[in-house]
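J.: okay, here's the prediction I keep looking at, along with the sequence it came from:
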Amino acid sequence: MKAAVLTAPSMLSTENVPRPQCGPGEILVRIESAAICGTDRRTLHYGHPRVKYPRILGHENSGVVAEVGPGCSISVGTRVAVSAVIPCLNCRYCREGWHTVCERQETIGYEYDGGFAEYLLAPESAVAAGLVNPLPDGVGFDEGALAEPLACAMNGQDIVGICQGDTVVILGAGAMGCIHAMLARRRGASSVAMVDPQGERLECAARFGADAFHTALPEDMVGRADVAIVACSSSTAQGEALRSVRRRGRVSLFAGLPAQEESECFDTRLVHYSELSVFGASGSAPEQNRLALRLMAAGAVQVGALVTSTYPLSMANEAFATSALGSQLKVVIKPGMSSRKRCEA
C-alpha cells in the first residue's frame, strides 16, 4: 500500500509499504479522509518524544472497515471514525475515568502508524477501548475524521467549565479555535471573541460562532472575559490569555507548545493576585469521541465546513505546506483521490 512515511524531521515521502496484517481483536480500515492537525505539523518539523522513525502520522481518521480479526463484532464495509488516544483502562487514572491522563497512554500516529496511508490498522487495545465507531447516517468521511478534534475541544471545555452566560476569548482562529467557538456558543456563552494576528485567518473563522474578531487583544478587553482558551501553539498567546480574563477567571491552555519552546510570557503574578484558575487539556476520552459523532449527526456543530482543501496521498508534502497557510482551516488527505488532483472548498 501507499503511505506518507516520516523518516526524520521534515523528511516526508510517499512510499510503498506492506499492507498491515489483521490479527485477533484488530480492525483494518481503508482510509477515506485523514485530516492534518497542528500537532502533525509540529511532529513533522520538530519530532516528538513518542514518535520513533519511520512512522506514518495522522490521528484524525475515518474510512471503511476492510477486514476484522477474530473477536471483533463490527462488520466489514462499516463506515467508521477511528479515535487516536488509547487508554490502558487499568491504571489509577483510567479507573477514575480520567482516560486522557492515562499512565500508559498510547496514540495512533505516535506509537502506532496513523492514517496518512491507504490502510490503518486499529490495534487490539484501541478496539477494546471503543475507539473504532460507526459513522451515523448523514455524517460524511470528512466530518468523521474531525470527530477527534471536536472531542478534544469538548474535553477542554468540560475541564474549564464554560457555562451559560460566560464571556469567552479564544486566542487562535485556526480550526481548533473555530471548533471552540461553535462549542462555546452551544454551551450558552453570551459572547465569543477571537484573537489572531493573521487577518486572513480571522476572515475564514468569521462564520463559526464568534461575534468579535481582533488581530491583537484590545486594551478594553483586558481583564474582562470569564474564560480564555489558547487554541494556538504560542507562548505569547498564553500570556495574553492571562491578561484577558477577569479576577477569578479561567484559562484553558488547550494547545501545546513544541518541546523546544518555553513560555516566557506566563505571568504567574497575575495567577496569584487575581486568583486565576489555569487548566491544561490534552486529548479526549473514548466516550467524548462517541458524543462528538452524535453531535454532528444532530447538526449541533458544523465541522464539515472547516475543510478548506483536500489532497491526494501523493501530495502529502503540499498538503502539509497548505495547512500552515492563514487561508486554511482544515486540510484533508484522501488516499483514494486521484494523484493529479487537489480541491479547495
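T.: The structure has been received and is ready for your questions.

J.: is it true that residue 290 lies in a helix?
T.: Yes. Using DSSP: H, G, I helix; E, B strand; the rest coil, the assignment for residue 290 is a helix.

J.: just give the nearest non-adjacent residue to it, would you?
T.: residue 133 (5.6 Å; C-beta to C-beta, 6 or more residues apart in numbering). Where C-beta positions appear, they are placed from N, C-alpha and C, glycine not excepted.

J.: so for that neighbour, what's the pLDDT?
T.: At residue 133, the predicted lDDT confidence score is 98.

J.: for it, helix, strand, or coil?
T.: Three-state secondary structure (criterion: three-state DSSP) places residue 133 in strand.

J.: do the same with the one 10 residues further on
T.: Here residue 143 is helix, with the state taken from three-state DSSP.

J.: hang on, residue 113 packs against residue 56?
T.: Yes. Between residue 113 and residue 56 there is a contact under C-beta atoms under 8 Å: 3.9 Å.

J.: give me the common contacts of these two.
T.: Common neighbours of residue 113 and residue 56, using C-beta atoms under 8 Å, 6 or more residues apart in numbering, are residue 3.

J.: hang on, the earlier thing: bridge partners for the residue nearest to residue 290, pull those for me.
T.: residue 81 (DSSP bridges).

J.: what about it, distance to residue 65?
T.: 11 Å (C-beta to C-beta, to the nearest Å).

J.: and for those two, which residues touch both?
T.: Common contacts of residue 133 and residue 65 (C-beta under 8 Å, 6+ apart): residue 80.

J.: for the protein, what spans make up the helices?
T.: 38-46, 92-95, 124-128, 141-145, 147-160, 175-186, 199-205, 235-244, 268-273, 286-297, 316-323 (DSSP state H).

J.: residues contacting residue 86?
T.: Applying C-beta under 8 Å, 6+ apart, the residues contacting residue 86 are 105-108, 112, 123, 125-126, 129, 131.

J.: type out the ChimeraX command that picks the buried ones from those residues.
T.: Burial among those is assessed by 16 or more other C-beta atoms under 10 Å; the matching ChimeraX selection reads:
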select :105,106,107,108,112,123,125,126,129,131
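
J.: as a markdown table, the contacts of residue 86 with distance to residue 278 would be great.
T.: Output for those, formatted as a markdown table (distance: C-beta to C-beta, whole Å):
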| residue | distance to residue 278 |
| --- | --- |
| 105 | 22 |
| 106 | 27 |
| 107 | 24 |
| 108 | 29 |
| 112 | 32 |
| 123 | 34 |
| 125 | 32 |
| 126 | 31 |
| 129 | 29 |
| 131 | 29 |
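
J.: for the contacts of residue 86, which one is nearest residue 155?
T.: Of all the contacts of residue 86, the one with the least separation from residue 155 (C-beta to C-beta) is residue 105, at 13.4 Å.
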